[in-house]
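Colleague: Kindly return the folded structure for what I paste below:
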Amino acid sequence: MRFADFMTRIESRRLREIAAHWDEVRSGRLMPGWSHIDPVAIARHLPIVWSWKYDRAADRFTGRLAGEEINNAFGRSLRGADMAEFFRDADFDGIFARHRRVARGVCLAHGHGQVFSHARRVGIGERIILPLAEDGTNGDGIFGATVYRLAPPGRGAVANDVGETVTFYPIGGEILDIGAA
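Modeller: Numbering: from 1, shown residues only. Just a heads-up that it's a prediction; the model follows:
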């Protein structure tokens with residue numbers, strides 16, 4: 001799978017621009033590092049971005065940052081948070097597995113459908129999750145962005161069992177799978 005094929009799956013212009021920046025700054029590496037992401041280049045999209053540091057030895061994530069729209073969806077900031085603690089009242093195992101797969105599996109993820117249901121909010125949207133590696137090869141984090149529309153309490157979208165459909169795309173390979181996450 002070429003990166004260009006992944007890009008064709010992304011509907012949101014904002015997410016395509018963020019993914020294009022990730023691809024540009026990897027500069028021939030398998031993955032860019034966190035230090036390569038240029039906040040000025042994606043400044044207008046910062047409210048929808050988020051990132052987690054991944055410690056391979058400890059097999060755990062720590063929140064790096066989240067934009068204002070992401071913090072609003074959760075009602076709190078993930079900065080500095082341990083992922084297990086941050087998602088303790090949600091589907092931590094599923095969320096961790098998805099993020100770990102991107103960080104360790106050197107793949108890209110594209111999701112659409114009900115986003116933020118784990119935050120007990122009903123949002124319909126789309127998200128991308130991209131791996132990071134300071135050395136260009138060994139995943140040490142993830143960089144993502146989510147666009148969504150939250151329904152006002154008691155109105156609009158209704159939570160159901162469909163959830164979010166996530167597709168994983170290995171960098172340079174075939175589609176891994178599609179499933180509800």
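Colleague: Only C-alpha atoms from now on, for both contacts and neighbour counts.
Modeller: Noted.
Colleague: could you pull out the strands for the protein?
Modeller: Counting by DSSP state E, the chain has strands at residues 49-55, 60-66, 107-115, 123-132, 141-150, 164-170, 177-180.
Colleague: okay, the ones you listed in a markdown table with mean pLDDT and mean neighbour count next?
Modeller: Converted to a markdown table, the strands of the chain look like this (pLDDT from 0 to 100; neighbours: other C-alpha atoms under 10 Å):
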| stretch | mean pLDDT | mean neighbour count |
| --- | --- | --- |
| strand 49-55 | 98 | 23 |
| strand 60-66 | 97 | 20 |
| strand 107-115 | 88 | 23 |
| strand 123-132 | 92 | 25 |
| strand 141-150 | 91 | 22 |
| strand 164-170 | 88 | 21 |
| strand 177-180 | 48 | 12 |
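Colleague: Put together CSV for those, with distance to Arg14 on each row.
Modeller: Supplementary listing: the strands of the chain in CSV, determined by distance: least, C-alpha to C-alpha, whole Å:
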stretch, distance to Arg14
strand 49-55, 10
strand 60-66, 16
strand 107-115, 14
strand 123-132, 10
strand 141-150, 8
strand 164-170, 18
strand 177-180, 23
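Colleague: wait, which of those is closest to Arg2?
Modeller: Shortest distance between Arg2 and the strands of the chain, using C-alpha to C-alpha, is found for strand 164-170: 9.0 Å.
Colleague: packing partners for that closest one?
Modeller: Identification of packing neighbours for strand 164-170 by 3 or more C-alpha pairs under 8 Å, 6 or more residues apart in numbering; DSSP states H and E yields strand 107-115, strand 177-180.
Colleague: my read: Phe61 touches Tyr54, true?
Modeller: Yes: with contact taken as C-alpha atoms under 8 Å, Phe61 and Tyr54 are classed as touching, separated by 4.6 Å.
Colleague: so where's the protein shaky on pLDDT?
Modeller: 1, 116-122, 150-162, 172-181 (pLDDT under 70).
Colleague: Report the contact partners of His99.
Modeller: Residues near His99 by C-alpha atoms under 8 Å, 6 or more residues apart in numbering: 129, 142.
Colleague: can you check the one 3 residues further on too?
Modeller: Going by C-alpha under 8 Å, 6+ apart, Val102 touches 108-109, 129-131, 142, 168.
Colleague: and if you look at Gly111?
Modeller: Counting by C-alpha under 8 Å, 6+ apart, Gly111 touches 126-128, 164-167.
Colleague: Overlap of the contact sets of Phe61 and Tyr54?
Modeller: Overlap between the neighbourhoods of Phe61 and Tyr54 consists of Gly141, taking contacts as C-alpha under 8 Å, 6+ apart.
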